[in-house]
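> sharing a sequence plus its predicted fold:
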Amino acid sequence: MTKRIQNHLYTGAEGRSALIDLEIPEIFNGKLIVFAHGFMGYKDWGAWNLVQAYFSNLGFGFCKFNFSHNGTTPDSPTEFVDLEAFSKDSYWKEHQDLHAVFNWLKKELSPLPSIFLIGHSQGGGVVLTHADNPIVERIVTWASVSDFDKRFPDLEEITKWKAEGVMYRMNGRTKQNIPLSFVRYQEYKDHQDQLNIQEKVRNTSCKLLFIHGAEDTSVLPQESKDLELWSGQTCKIIPNTAHTFDSKEPWESVSLPAKLEEACAITASFFLLSKHYAQ
């Protein structure tokens, strides 16, 4: 029997509520994909709903969620209306959010199916910090960052950031000047070992695949190549596409962009190699 939950609440980092979706298709292959969006993103951005439909049609369960401090709210799920919350977001909070999602799923699904992760951009880095979690069977990243430390400015800028308490980043789509609290850097330093992507992928027994667009200028393809080098696993570069595999917000077509569908197809094939199937 199909199970669909849309825009329910889970409790993420620091007790903050955020939205979550879950779909288990009628003919379920026993594999549950959990999808993590990227920086300045949200679960319903662009063609992500069509990505969910793609995998559900193949028999995968699919869960996508908003990070708790991504700037949206349950009442405004696609708008950055809570810039105070966004300013306090951090890699550590997002790492905690994914733990909270796993706990939410354990309450919704018994027994918990095999867990497969997809993370886009910053969300790719976040899912890789869970590569040592025994409930996670395989991970695919799309245009992932490889090193959180490299996302921060140089020492002079960090010193200024600490003194002022906040710096700003322009959102190119919404034209909002987004505040970033120094908490972002401080929490990274406080939890640097748990957030060390290189060490996570070097030491995991989890199967990994890194997919990247050849024309990506937001996160360079070299970052996925570095992940491949460190992990000894596989990177696939998709030609003639950039950071979002030709998706954009809003996405008004009823079909996936061809390059994003290609990323989905590569991902599905990798996940289907897993030994776990529905009984």
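All right, it came through fine. Numbering: from 1, shown residues only.
> please make it C-alpha for all contacts and neighbour counts, starting now.
Noted.
> Gln222 and Ile238: what is the separation?
Distance check for Gln222 against Ile238: by Cα to Cα, to the nearest Å, it reads 13 Å.
> cool, Met167 as well?
For Met167, the distance to Ile238 equals 34 Å [Cα to Cα].
> swap in Asp193?
Here the distance between Asp193 and Ile238 works out to 32 Å (Cα to Cα).
> so between these two, which is more surrounded?
Taking neighbours as other Cα atoms under 10 Å, Asp193 and Ile238 compare with Ile238 leading, 18 against 12.
> my read is that the more buried one contacts His212, right?
Yes - using Cα atoms under 8 Å, Ile238 is in contact with His212, at 6.1 Å.
> any chance you could map the strands in the stretch 51-200 of the chain?
Counting by DSSP state E, counting those that start in this stretch, residue ranges of the strands within the stretch 51-200 of the chain are 61-65, 114-120, 136-142, 166-170, 177-181.
> can you pull out the helices in the stretch 151-279 of the chain?
155-164, 183-190, 197-203, 222-231, 258-272 (DSSP state H, counting those that start in this stretch).
> can you say which of the ones you listed is nearest to Ile20?
Closest to Ile20 of those, according to Cα to Cα: helix 258-272, at 20.7 Å.
> is Ile115 bridged to anything, and to what?
Each beta-bridge partner of Ile115 is listed here, defined by DSSP bridges: Leu32, Val136.
> which ones are touching it?
For Ile115, the contacting residues are 31-34, 135-138, by Cα atoms under 8 Å, 6 or more residues apart in numbering.
> and what of Ile197?
Here Ile197 is in contact with 125, 128-129, 146-148 (Cα under 8 Å, 6+ apart).
> let's see 6 Å
Each residue near Ile197 by Cα atoms under 6 Å, 6 or more residues apart in numbering is listed here: Thr129.
> got a list of contacts for the helix ranked longest in the chain?
When every helix of the chain is counted residue by residue (DSSP state H), the longest turns out to be helix 91-108. Residues external to helix 91-108 that are found in contact with it (Cα under 6 Å, 6+ apart): 12-13, 112, 126.
> could you redo the last one with a cut-off of 8 Å?
Applying Cα under 8 Å, 6+ apart, the contact partners of helix 91-108 are 10-13, 67-69, 112, 126-127, 129-130, 148, 184, 187-188, 191, 195.
> restricting to C-alpha, output it in PDB.
Only the C-alpha atoms of helix 91-108 are listed here, as PDB (Å, rounded to 0.1, in the frame of the first residue of the first chain):
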ATOM      1  CA  TYR A  91      27.400  22.400   8.900                       C
ATOM      2  CA  TRP A  92      27.000  21.000  12.400                       C
ATOM      3  CA  LYS A  93      23.300  21.800  12.600                       C
ATOM      4  CA  GLU A  94      22.700  20.200   9.200                       C
ATOM      5  CA  HIS A  95      24.700  17.100  10.400                       C
ATOM      6  CA  GLN A  96      22.400  17.000  13.400                       C
ATOM      7  CA  ASP A  97      19.300  17.500  11.200                       C
ATOM      8  CA  LEU A  98      20.100  14.400   9.200                       C
ATOM      9  CA  HIS A  99      20.300  12.400  12.500                       C
ATOM     10  CA  ALA A 100      16.900  13.800  13.400                       C
ATOM     11  CA  VAL A 101      15.500  12.700  10.100                       C
ATOM     12  CA  PHE A 102      16.700   9.200  10.700                       C
ATOM     13  CA  ASN A 103      15.000   9.200  14.100                       C
ATOM     14  CA  TRP A 104      11.800  10.500  12.500                       C
ATOM     15  CA  LEU A 105      11.900   7.700   9.900                       C
ATOM     16  CA  LYS A 106      12.400   5.100  12.600                       C
ATOM     17  CA  LYS A 107       9.100   6.100  14.100                       C
ATOM     18  CA  GLU A 108       7.300   6.100  10.800                       C
END
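> much appreciated, bye for now.
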